[in-house]
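Undergrad: This is the structure alone, sequence omitted:
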Ligand SMILES: O=C(O)CCC(=O)C(=O)O
C-alpha cells in the first residue's frame, strides 16, 4: 500500500517510486522467462506478442528489440505480478476498485545499442473521447537502472499541465514533444534497483536517454485503466466490476 505521504507525493509530482515491489525470486524468474529474448523473438515470434525493433544504421548489428508488447504472454512471472494483490492494492488507492489491464510491455534497452525514448505523455497515445486520462503505469525494474543505462526520467508536476501538442512520426515511440531527445533541466532521473517499481500518471512528461553502458536496462511497464473508461482500452478486468 502507499503511505499517505507517498500518495500525496504521487498526487503532487505525478510519479512515486516503490522500493522492492517484486521479490528477488520473482525478478530471477522474469530473467529466466526473458532469457535471450532478442534472438528468440527474431527466430520464433509468439502469436499475440507485438515486436518493435531498434533501427540501426549498421546492417551488421544483430536484431535488438525496442519494445515487446503483451509481455505477459511470454513471462508467467510478469503475468502473476501484474495481477498480484500487492500491485492491485496500490492501484486501487490511485484509481479506485475497478482496475483493468490495458497492456504489459517489455522495454529491453540493450547494452550499448538501446536507444533513447523521446519526451512524451502517454495520454497523447491514449486520447479518445470515451477515454479520460485516468490510466496509471507501473514500470518494474528487472535490472538496476542508472543514468548510464538510460533510467526513466520525469518532469515532476507536468501531469497538471494538460495534454501538450505532440509531433508524430512513423516509428516506435513516434509521438513526442518538441525537443524530443534533448536533455531537460526540469526533469528528474529515477534510478532503481531490480524489483523496484515506479508508478506514474498518464499525463506526466517522461522519457529516457540511450543506454551507453555495458549492461542491459530491462524494464517492464504495466499500463492500467479504470474498467469501463474507454472500453477499447481494457484488455482484462483484474479487480472490481467485469468488462
Ligand atoms: O522505458 C522508458 O524509459 C520509458 C518508457 C515509457 O515511455 C513508457 O513505458 O511509457
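TA: Sure, I can see it. Please read all numbers here as calculations on a predicted model, not as lab measurements.

Undergrad: and the residue of the protein nearest the ligand?
TA: Per C-beta to the nearest ligand atom, residue 208 is where the chain lies closest to the ligand, at 3.0 Å. C-betas here are computed from N, CA, C, even on glycine.

Undergrad: Could you pull up phi and psi at that residue?
TA: Main-chain torsions, residue 208, degrees, to the nearest 10: phi -160, psi 160.

Undergrad: Residues in a beta bridge with it, which ones?
TA: Residue 208 has these beta-bridge partners by DSSP bridges: residue 117, residue 152.

Undergrad: what about the protein, any weak spots by pLDDT?
TA: In the predicted model, the chain carries pLDDT under 70 at residues 231-233.

Undergrad: mind listing the helices for this structure?
TA: Along the chain, the stretches classed as helices by DSSP state H are 4-13, 24-33, 37-43, 76-82, 85-95, 123-126.

Undergrad: thinking again about what came up before, contacting residues for the residue of the chain closest to the ligand?
TA: Applying C-beta atoms under 8 Å, 6 or more residues apart in numbering, we find residue 208 in contact with 109, 116-117, 150-153.

Undergrad: Quick one: residues contacting the residue at the greatest distance from the centre of the chain.
TA: The C-alpha centroid of the chain is most remote from residue 60, which lies 29.1 Å away (C-alpha atoms, centre = their mean). Shown in contact with residue 60 (C-beta under 8 Å, 6+ apart): no residues.

Undergrad: quick one, phi/psi of it?
TA: Main-chain dihedrals, residue 60, degrees, to the nearest 10: phi -90, psi -10.

Undergrad: coming back round to it: quick one, which of the contacts of residue 208 are buried?
TA: Neighbour-count burial (16 or more other C-beta atoms under 10 Å) applied to those gives 109, 117, 150-153.

Undergrad: Any buried residues in stretch 3-17, and which?
TA: By 16+ other C-beta under 10 Å, the buried positions in stretch 3-17 come out as 6, 9-10, 13-17.

Undergrad: Could you give the number of residues near the spatially closest residue to residue 230 that is not a sequence neighbour?
TA: Leaving out its chain neighbours, the residue that sits closest to residue 230 by C-beta to C-beta, 6 or more residues apart in numbering is residue 131, at 2.7 Å. By other C-beta atoms under 10 Å, the residues close to residue 131 number 20.
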